[in-house]
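Trainee: I would like the atomic coordinates for the input below:
(2 chains)
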Amino acid sequence: MSDLVKAPPVLKLEDVAVAYKVRGGEIEAVQNVSFEINRGETHGIVGESGCGKSTVAWAIVNFLGANGYVKRGSIKFQGQELVGVTGEELRRLRGDQIAMVYQDPMQALNPSMRLGDQMSEVLTVHRGMDQDEAEERCIEMLERVYMPDAANVMKRYPHQISGGQQQRVVIATALLNNPALLIMDEPTTALDVTVEAAVLDLIAELRRDFDTAIMYITHNLGVVARVSTRVGVMYAGEMVERGTVEQIYARPQHPYTQGLLRCVPKLGSDKASSLLYPIRGRVPPPNNRPHGCIYAPRCDYVEDRCRNEPPKLRKLPNGIWVRCHFAEEINPDEWQPSEDIAPPEVGVADLTSEPILVVDDLKKYYEVQGTELKDVLGLSEKRYVKAVENASFKIPRGTTLGVVGESGCGKSTLIKTLIGLEETTDGDAKFLGFDITDRITEREKSLIQELQMVFQNPDSTMNPSYTVGQQISRPMRLFGTVPKDKLREEVIRLLNSMRLGENYYDRLPRQLSGGEKQRVGIARALASHPDLVLCDEPVSALDVSVQAAILNLLLEIQQEFDTTLVFIAHDLSVVRFFSDQVAVMYLGQVMEIGPAEAIYTPPYHPYSEALLSAVPIPDPTAKQKHIRLEGNVPSAIDPPSGCRFHTRCPRRSLLPDDGQICVTDTPPWREAGDGHRIYCHLPLETLRSFDPVISQEGS
Amino acid sequence: MLVKDCMTRHPIMISPETPAVKAQNLMIENKVRHLPVVGDGKRIVGLITRDTLMVPPSDLGSLNVWEISRILSDIKAKDVMVKDKALITIDPNATLESAAELMIEKKVGCLPVLEDQVVVGIITEVDMLAKLSELLGGGAEGVRATIRVPNIVGEYAKIFSAVSAHDWGIYASGGAVTPKDPDHWDIVIKVRRASKDELLKVLQDIEGQEVIDIRTIP
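Mentor: Here you go, the predicted model:
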């Protein structure tokens, strides 16, 4: 359609409030939310968890459940009021014109039906199309979302395809009816960065081709910057700021938006831009919101007026809508971190000091049990999943090694092997000179004490019926590091250094928020005064402001106790600021290892380059090279010959013979100086000649 | 430039059971003049326009004032819509000019765009006019010239090569037979990076052509 013709917005929310009826009254989960989405536009909704983003989405399609309802306001879709519409008409609208895509594709797909049957059902049931034609349409749509081998995928079950492919199927299904509005609720959160990047490209393309209006809900500021045209920031059930992406990122007006942007690492050109400043406090629960401005208790600029008078959403001269009394007077450039949230000073670690952990050619294979009789009797040749292959590195005392890579590349296996949860297949690992290739059950108690671990999901690693105090004191008792009568004192000291305080001693895990649980998890790992702490994605499940606080806390602890850390993450921007050394892994193989700074500038390994170009950056003006890996991570049972990355390597063609050597020979380690090593056939000069992946506009 | 590139995708649609009063309100509130009426799966069943909602004055005379509101509230979209043979539609892959011809021939202001009887969009006179305006460069800055040329092969090329020799850009062009003179064509071009006088001089030098209008678009 021509730009000249002004069309009414596809979706328009005005002063919407959503309430849930609970025992003893009702709770307004969402208040005063207004925004509109035009056709062919992606409108991002960001905010931390519990801010009511999903509730707004559910209110639009009336999925609020038996006890939820839209209390005030109007939701207009294509000019037609949705509030109060029930039954047949709503069903028709939802099926024909509004589609939703959720975070976990596995929950949107029926595990017991073939994908083709689930997809074509949309057309046969809703449109009365016959089966053959419907299937043809489905295949067309799958090809449209770049599904490899679409016709075959139709015959498979959901578990037979990867997570990224599952999400593609869900998106394709959502688009089959050519909806006017597509609501996407964290559609890429569960995916790897490389897959995420491809899905985001796809969304942008589909929006253009189908002129679909998209409401995109996410907590990731980088993703919003990449896909949205306009963005609304939600906090504690209210929309606090709304504007175009460029405006919001360049000049956020609300203190909460400013705070959020300071919480996320930028992955810019210099390291200072990746310093993190958490927001103090936490989101108030909906039944206990402050009277005045909802953000007042956490705001740095709070004044008496904020505590007494709730601000209205108003339009500033520059076009941004903001809910703050003093938006014009606040200048984020003059902001100084207050003492309690200032990031710790990070000194340059001495990478030449005595290594605490030396790993040499470490291998971890898992035997695969075949299904044939021959396999069961043990007559056939044994097959292995080569989860970790030839890992070699040294970690000097008091430094951090960051390990990055896509899921399934052996990051977790590597540290599980180090800590002894898995037996080492081959190779050497020496910790303080002691061999640690055996299982944890065969280790000396004193050695176990020195090696501790922080897990990704604090919920599943804490005993729900033990109090915080019991959980933290347990390692102290077991290892006898603290005399019995001093236990409580020591636990409280640890809690204080985690900024949790004495009153947490008797709480149960269910009484803690996600961030607090992770702090307890870290406290427990530190309780035995270990020399080496292995952290397996400790912040991945947390909100950005909590993530920033935990990362800063870990840094502080490292300085205080001179602890050595191995830090696994899939987010390259987090790792950059946090680590002294970074190892990039692919299919069990370390592809590149070196000082953190060196990893983020050329020379790159082609895989690191691709990973960097996939990371969503919370800055719409940042220019990023567009490199997308094709296909999936190959199976580790039968890894590609030669260089394991050769099947997906975008730089292979730079070698003579279209990179035949990558298929036949394992690559050499290229030494780029300062301990920076790259596992690639390409000569260093070629690797050096790559442009930096990320550059700022105008520079 | 096909129908699918110019149409409005995802038009506002109503069901046959929608009251006519509501349809009227929808049109006024959203400033649209046409509402496709669709059944399950967005299959077309009819079209509501402002005309269809008009009641002929002759019918009004016989109505009791007190009955009007009751009668009106009973009328549904399916009672007043254009349907069956009277409904003119088009395929998304049709050309823009064929859509225009169809609209002129049938004297309709809008065509629902259908793919297998499913509404995928709507194209109206306004969309057509918007495209016409874009074809002629809209309001973009530059110099606009109208040149009358003989109706023979190669005249366009003369203009284009003369202009591009100066490294100026032609960002819009269009031509049609001169009114009441089948031996000539009037060609409109819009040129960037040239001043009015420079362009005029170049165009006047082309043999056999006549510049009949030239102006600067601010």
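
Trainee: Next secondary structure element downstream of the worst-scoring helix or strand of chain B on mean pLDDT?
Mentor: Using mean pLDDT, DSSP states H and E, the weakest-scoring helix or strand in chain B turns out to be helix B:57-61, at a mean of 67. For helix B:57-61, the following helix or strand on the C-terminal side (DSSP states H and E) is helix B:65-74.

Trainee: Now A:Y69: closest residue in space that isn't a chain neighbour?
Mentor: With Cβ to Cβ, 6 or more residues apart in numbering or on different chains as the criterion, A:Y69 has its nearest non-adjacent residue at 6.3 Å, and that residue is A:A19. Glycine gets a C-beta too; all of them are placed from N, C-alpha and C.

Trainee: Check what pLDDT the one you found gets.
Mentor: Listed pLDDT for A:A19 reads 92.

Trainee: so it touches A:G52, yeah?
Mentor: No - contact criterion Cβ atoms under 8 Å: A:A19 and A:G52 do not qualify, at 11.3 Å.

Trainee: More neighbours: the two, which one.
Mentor: Comparing A:A19 with A:G52 by other Cβ atoms under 10 Å in any protein chain shown, the one with more neighbours is A:G52, at 25 against 21.

Trainee: Can you give me every residue that contacts that one?
Mentor: Shown in contact with A:G52 (Cβ atoms under 8 Å, 6 or more residues apart in numbering or on different chains): A:V18, A:A29, A:V30, A:V33, A:M234, A:A236, A:G237, A:E238, A:P286.

Trainee: quick check, nearest of those residues to chain B?
Mentor: For the contacts of A:G52, the minimum distance to chain B (Cβ to the nearest Cβ) is 21.1 Å, reached by A:V33.

Trainee: Test my guess that the closest one contacts A:L11.
Mentor: No - judged on Cβ under 8 Å, A:V33 makes no contact with A:L11 at a distance of 11.9 Å.

Trainee: per-residue pLDDT, the closest residue to A:P618 other than its chain neighbours?
Mentor: Nearest residue to A:P618 in three dimensions, chain neighbours excluded: A:L221, at 3.8 Å (Cβ to Cβ, 6+ apart). We have a pLDDT of 87 for A:L221.

Trainee: What separation do you get for A:L221 and chain B?
Mentor: A:L221 is 29 Å from chain B, where distance means Cβ to the nearest Cβ, to the nearest Å.

Trainee: what do you get for A:M585?
Mentor: Taking Cβ to the nearest Cβ, one finds A:M585 at 44 Å from chain B.

Trainee: Doesn't that residue lie inside a strand?
Mentor: Yes - counting by DSSP: H, G, I helix; E, B strand; the rest coil, A:M585 falls inside a strand.

Trainee: The nearest residue to it once chain neighbours are set aside: how many residues sit nearby?
Mentor: Excluding the flanking residues, the one nearest A:M585 by Cβ to Cβ, 6+ apart is A:G405, at 3.8 Å. Look at A:G405: counted by other Cβ under 10 Å, it has 28 neighbours.

Trainee: quick one, what contacts A:G405?
Mentor: By Cβ under 8 Å, 6+ apart, the contact list for A:G405 reads A:K411, A:H570, A:V584, A:M585, A:Y586, A:L611.

Trainee: Could you provide those in JSON lines, with additional columns for distance to A:V46?
Mentor: What follows is the contacts of A:G405, written out as JSON lines (distance: Cβ to Cβ, whole Å):
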{"residue": "A:K411", "distance to A:V46": "28"}
{"residue": "A:H570", "distance to A:V46": "20"}
{"residue": "A:V584", "distance to A:V46": "29"}
{"residue": "A:M585", "distance to A:V46": "30"}
{"residue": "A:Y586", "distance to A:V46": "31"}
{"residue": "A:L611", "distance to A:V46": "24"}
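
Trainee: For the residues you listed, which PyMOL command selects only the ones that are buried?
Mentor: A single PyMOL command selects the buried members of these (16 or more other Cβ atoms under 10 Å in any protein chain shown):
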select buried, chain A and resi 411+570+584+585+586+611
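
Trainee: Among the contacts of A:G405, find the lowest-pLDDT one for me.
Mentor: Among the contacts of A:G405, A:H570 has the weakest pLDDT, 79.

Trainee: What values do phi and psi take at that one?
Mentor: With angles defined as degrees, to the nearest 10, A:H570 sits at phi -100, psi -10.

Trainee: quick one on the thing from earlier: shared neighbours of A:A19 and A:G52, which are they?
Mentor: Common neighbours of A:A19 and A:G52, using Cβ under 8 Å, 6+ apart, are A:A29.

Trainee: In TSV: the contacts of A:G52, plus neighbour count, secondary structure and distance to chain B.
Mentor: TSV is the format used below for the contacts of A:G52 (neighbours: other Cβ atoms under 10 Å in any protein chain shown; DSSP: H, G, I helix; E, B strand; the rest coil; distance: Cβ to the nearest Cβ, whole Å):
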residue	neighbour count	secondary structure	distance to chain B
A:V18	23	strand	24
A:A29	24	strand	29
A:V30	29	strand	25
A:V33	26	strand	21
A:M234	24	strand	26
A:A236	23	coil	33
A:G237	26	coil	29
A:E238	24	strand	27
A:P286	20	helix	33
